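K.L.:
coords below, sequence missing:
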């Protein structure tokens, strides 16, 4: 899954000659507070609803409005992890995707990105989540997976969060999504082999990703 495959062709692109009223109307129609501006196919930046609402004259052209993030964009072959970094770092709600010489390929709505990312992580599958506290020198996903699979359970996805320190004795976190909700035997097995369980949740499937879950996911991936 690359950035080019996540482009939403239905999202309109503004021009510098468009009026503020046009931008606000499109934001309302497509339920986003940011839209991309391009001129003759070249990416120019992002306009935000907050800025547009402060402009008293709705007929004002976008060429006279503050356009942000002119140098912030994704390339067609970038992975969703890199897209999430852009979202988290710059507070984006829409991601411009470009190719050679900043020619605009299209837009990705962050909600679509999170939905797809959640699918990749198995969030919508019923199953438990376990978070292990683990020293970096002891980290072996294959060994942990073997212990879990010995209880007739599969690891649907995993996420390893390194400690801020580069010291090998510092502890990091390993988050595992499993395909079962009954995890008492699994916890017992892991603890018997010396693994420290920080959290354990027998989660139901998530039907949709709301803003709170989005914020939580972005904060977690940024650690």
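P.N.:
Here it is on my side, so go on. Note that this is a predicted model, so its numbers are computed, not measured.
K.L.:
What mean pLDDT does stretch 3-13 get?
P.N.:
The pLDDT scores in stretch 3-13 average 93.
K.L.:
for that stretch, how far is the first residue from the last?
P.N.:
End-to-end span of stretch 3-13 (CA to CA, to the nearest Å): 17 Å.
K.L.:
quick one: buried residues of it?
P.N.:
For stretch 3-13, a neighbour-count test (16 or more other CB atoms under 10 Å) marks 3, 4, 6, 7, 11, 12, 13 as buried. Every C-beta, even on glycine, is put in place using the N, C-alpha and C of the backbone.
K.L.:
Now the spatially most central residue of the chain: which helix or strand?
P.N.:
By CA atoms, centre = their mean, the chain has its centre lying nearest to residue 84, at 4.0 Å. Here residue 84, judged by DSSP states H and E, is contained in helix 80-90.
K.L.:
Please name the strands paired to the following helix or strand past that helix in the sheet, noting orientation.
P.N.:
For helix 80-90, the following helix or strand on the C-terminal side (DSSP H and E) is strand 94-99. In the sheet containing strand 94-99, its partner strands are strand 74-75 (parallel), strand 103-109 (antiparallel), by DSSP bridges.
K.L.:
So for strand 94-99, mean pLDDT?
P.N.:
Rounded mean pLDDT across strand 94-99 is 96.
K.L.:
Okay, now the unreliable bits of this structure?
P.N.:
Within the chain, the stretches with pLDDT under 70 are 118-125, 163-170, 203-223.
K.L.:
Now tabulate the strands paired with strand 94-99 in a markdown table and tack on distance to residue 141 and mean neighbour count.
P.N.:
Shown next, in a markdown table, are the strands paired with strand 94-99 (distance: least, CB to CB, whole Å; neighbours: other CB atoms under 10 Å):
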| stretch | distance to residue 141 | mean neighbour count |
| --- | --- | --- |
| strand 74-75 | 28 | 20 |
| strand 103-109 | 29 | 20 |
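K.L.:
need these in a markdown table with distance to residue 33, can you?
P.N.:
A markdown table is the format used below for the strands paired with strand 94-99 (distance: least, CB to CB, whole Å):
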| stretch | distance to residue 33 |
| --- | --- |
| strand 74-75 | 19 |
| strand 103-109 | 11 |
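K.L.:
wait, isn't residue 51 in contact with residue 65?
P.N.:
Yes. Between residue 51 and residue 65 there is a contact under CB atoms under 8 Å: 6.7 Å.
K.L.:
More neighbours: those two, which one.
P.N.:
Between residue 51 and residue 65, counting by other CB atoms under 10 Å, residue 65 is the more crowded of the two (19 against 15).
K.L.:
Residue 20 is in contact with that one, correct?
P.N.:
Yes. Using CB under 8 Å, residue 65 is in contact with residue 20, at 6.5 Å.
K.L.:
Would you state the helices of this structure in chain order?
P.N.:
Assigned helices in the chain, in chain order: 20-30, 49-52, 80-90, 110-120, 141-149, 184-192, 211-221 (criterion: DSSP state H).
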